[in-house]
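K.L.:
here you go, sequence then predicted model.
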Amino acid sequence: MPTITRLSLADATAAQLETRIAAGEWAIGARLPTETDFMVELGIGRSTVREAVRTLVRVGLVQVRQGDGTYVTGQRADNEPLWLRCQRAQLHEIYDVREALDLQAARLAAERRSEEDLVAMRELLDERAASLAARDARRYADADVAFHQRIVAATQNEMLIDLYRVLGQSLVLSLTMHKRQSEFSDIDTTGEHEALLAAITVRDAAAATQAVTTLFRRGRYIPRPAPGVESAL
């Protein structure tokens, strides 16, 4: 089964700290806790803390003052990594971007897919259905995103593949929370996914894009967050 790209521990730590800064936990000009404090609080190593802080420095959120500490600047640089931006995106924003990418991917995949692609897509749809029946939210999210990533891979467009890979982790988190909060009671889009695969199989680009449109029309349900659960990922 194709693997889903994961963020490194340092990347995930940087995203968590960025979210806390954005939420106002540390105001502009405030000094962040020490490396040791973060190591104890987050259960991570010193090298992970340092790498996470370097990421925040690169995007302009903090400044390291030698011998004094790390301070919040609150200035976001234009070169913020896309993966970090995805980590603070709202669920509906992620779905907007996903729909745009999936439409183009479906069209190109129908034109360029290989037999190997079809076999992998079939396996992933079967895994998605099995995890849905088992009510396993994380397994479902992994299979669903991997299926769409395989469609993107079939486009043979490296730029599109890279964009979707970056988005993949946020999609997994979004889908996992979605299924957990809705308790699997929302609309099942298995039929729409099967129609999408069928269209790609017969190389019908128009039918493939229509299947994606129908899929998002029926399945685009943004759940209300459960009490105490934030909707932003």
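P.N.:
It's in.

K.L.:
residue ranges with poor pLDDT in this structure?
P.N.:
Residues of the chain meeting the criterion pLDDT under 70: 1-7, 75-89, 91, 168-187, 219-233.

K.L.:
so which bits of stretch 110-124 are buried?
P.N.:
110, 113, 117, 118, 120, 121, 123, 124 (16 or more other Cβ atoms under 10 Å). C-beta: built from backbone N, CA, C; applies to glycine.

K.L.:
what's in contact with stretch 109-120?
P.N.:
1-2, 150-156, 197, 199-201, 203-205, 207-208 (Cβ atoms under 8 Å, 6 or more residues apart in numbering).

K.L.:
just the ones in helices from the residues you listed, please.
P.N.:
Members of the contacts of stretch 109-120 lying in helices (criterion: DSSP state H): 150, 151, 152, 153, 154, 197, 199, 200, 201, 205, 207, 208.

K.L.:
surely the third one touches residue 162?
P.N.:
I take that to be residue 152. No. Residue 152 is not in contact with residue 162 according to Cβ atoms under 8 Å; the separation is 9.6 Å.

K.L.:
now do the SS call for residue 14.
P.N.:
helix (DSSP: H, G, I helix; E, B strand; the rest coil).

K.L.:
so who does it touch?
P.N.:
Going by Cβ under 8 Å, 6+ apart, residue 14 touches 51, 52, 53, 55, 56, 84.

K.L.:
sorry, back to before: most neighbours out of the ones in helices among the contacts of stretch 109-120, which is it?
P.N.:
residue 208 (29 neighbours; other Cβ atoms under 10 Å).

K.L.:
that older thread, could you work out the most separated pair of the ones in helices among the contacts of stretch 109-120?
P.N.:
Across the ones in helices among the contacts of stretch 109-120, no pair lies farther apart than 153 and 207, at 20.0 Å, counting by Cβ to Cβ.

K.L.:
if I pick the residue lying farthest from the centre of the chain, what's in contact with it?
P.N.:
Most distant from the centre of the chain: residue 67, at 37.1 Å, with distances by Cα atoms, centre = their mean. Contacts for residue 67 were tallied using Cβ under 8 Å, 6+ apart; there are none.

K.L.:
hang on, it in a strand?
P.N.:
No. With three-state DSSP as the criterion, residue 67 is coil rather than part of a strand.

K.L.:
so what are the domain limits for this protein?
P.N.:
The chain breaks down into these domains under automatic domain parsing: 9-72, 89-219.

K.L.:
buried deepest among those domains, which one?
P.N.:
By mean neighbour count, with neighbours taken as mean count of other Cβ atoms under 10 Å, domain 89-219 ranks first of these at a mean of 18.

K.L.:
which other helices and strands contact the helix or strand containing residue 143?
P.N.:
For residue 143, the enclosing helix or strand under DSSP states H and E is helix 137-154. Packing partners of helix 137-154 (3 or more Cβ pairs under 8 Å, 6 or more residues apart in numbering; DSSP states H and E): helix 91-112, helix 115-134, helix 158-182, helix 190-201.

K.L.:
again, 7 Å this time
P.N.:
Judged by 3 or more Cβ pairs under 7 Å, 6 or more residues apart in numbering; DSSP states H and E, helix 137-154 is in contact with helix 91-112, helix 115-134, helix 158-182.

K.L.:
got those helices as a markdown table, with distance to residue 12 columns?
P.N.:
Converted to a markdown table, those look like this (distance: least, Cβ to Cβ, whole Å):
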| stretch | distance to residue 12 |
| --- | --- |
| helix 91-112 | 17 |
| helix 115-134 | 23 |
| helix 158-182 | 9 |
